[in-house]
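> Below are the sequence and a predicted model for it; my questions follow.
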Amino acid sequence: MRVLALLVLAFTMTACNQEQDITGSTSICPMRNYSSYNPRDMNQCVAACKACDRGNTVTCSTSCTLKGAH
């Protein structure tokens, strides 16, 4: 019974962690598009989000604002 519970717990934990956590790091894609990428610059952040994360203006500007871009 314990083995079954551990297996269920293990599968649940791996299912929850499907996205890569990039907190505190800068993605490679914006660095390729901008020689001096500044994630705090709203224009660069939105453009990089649209190009690299396939976002739109609304979602990218919201995301950049939450990341501290001005």
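Right, received. Where do you want to start?

> Please count neighbours and contacts with C-alpha atoms only from this point.
Noted.

> Chain neighbours aside, what residue packs nearest to residue 45?
Nearest residue to residue 45 in three dimensions, chain neighbours excluded: residue 39, at 5.2 Å (C-alpha to C-alpha, 6 or more residues apart in numbering).

> what's near enough to touch the one you found?
Shown in contact with residue 39 (C-alpha atoms under 8 Å, 6 or more residues apart in numbering): 45, 64, 69.

> Now do the same for the first one: helix, strand or coil?
Spelled out, that is residue 45. At residue 45, secondary structure determined by DSSP: H, G, I helix; E, B strand; the rest coil is helix.

> Kindly report the same for the last one.
Reducing the assignment to helix, strand or coil with three-state DSSP, the entry for residue 69 is coil.

> The chain should start at 870 in everything you say after this.
Sure, I'll start numbering at 870, so the last one becomes residue 938.

> What's the local residue count around it?
Neighbourhood size, residue 938 [other C-alpha atoms under 10 Å]: 18.

> Mind pulling up the pLDDT for it?
Residue 938 carries a pLDDT score of 91 in this model.

> And the nearest residue to it once chain neighbours are set aside, how far from residue 900?
Among residues not flanking residue 938 along the chain, residue 909 sits closest, at 3.9 Å (C-alpha to C-alpha, 6+ apart). Computed as C-alpha to C-alpha, to the nearest Å, the residue 909 to residue 900 distance reads 14 Å.

> Same question for residue 906.
On the measure of C-alpha to C-alpha, residue 906 and residue 900 end up 6 Å apart.
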